[in-house]
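Trainee: Would you be able to build a 3D model of this:
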Amino acid sequence: MGEHVHVRVNHSLGVTEDGELIEMSRCRCGATFSRTYQPQEGLPEE
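Mentor: Next up, the predicted model:
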């Protein structure tokens, strides 16, 4: 059998109390991953 390659499938998005965006994804094997994005400083877009 060949080597396993994680295929990250988007699972959910959320926002922390600090305003950071959290992207959650998971693989069919059960592995989970998260990535956090910090907002840019300045005025919100219109």
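
Trainee: how many neighbours does the closest residue to A31 other than its chain neighbours have?
Mentor: Closest residue in space to A31, ignoring its immediate chain neighbours: H6 at 5.7 Å, by C-beta to C-beta, 6 or more residues apart in numbering. To be clear about C-beta, it is placed using only N, CA and C from the backbone, and glycine gets the same treatment. By other C-beta atoms under 10 Å, the residues close to H6 number 12.

Trainee: In three-state terms, label H6 for me.
Mentor: The three-state label given to H6 by DSSP: H, G, I helix; E, B strand; the rest coil is coil.

Trainee: For N10, list the residues it contacts.
Mentor: N10 sits next to 23-25 when contact means C-beta atoms under 8 Å, 6 or more residues apart in numbering.

Trainee: pLDDT score assigned to the residue nearest to A31?
Mentor: Note on H6: pLDDT of 89.

Trainee: shouldn't it be in contact with R26?
Mentor: No - in this structure, H6 is not within contact of R26 by C-beta atoms under 8 Å, at 9.1 Å.

Trainee: Determine the residues that are contacts of both of those two.
Mentor: Shared contacts of H6 and R26, counting by C-beta under 8 Å, 6+ apart, come down to F33.

Trainee: before we move on, the earlier item: quick one, what contacts the residue nearest to A31?
Mentor: So H6 contacts 27, 29, 31, 33 (C-beta under 8 Å, 6+ apart).
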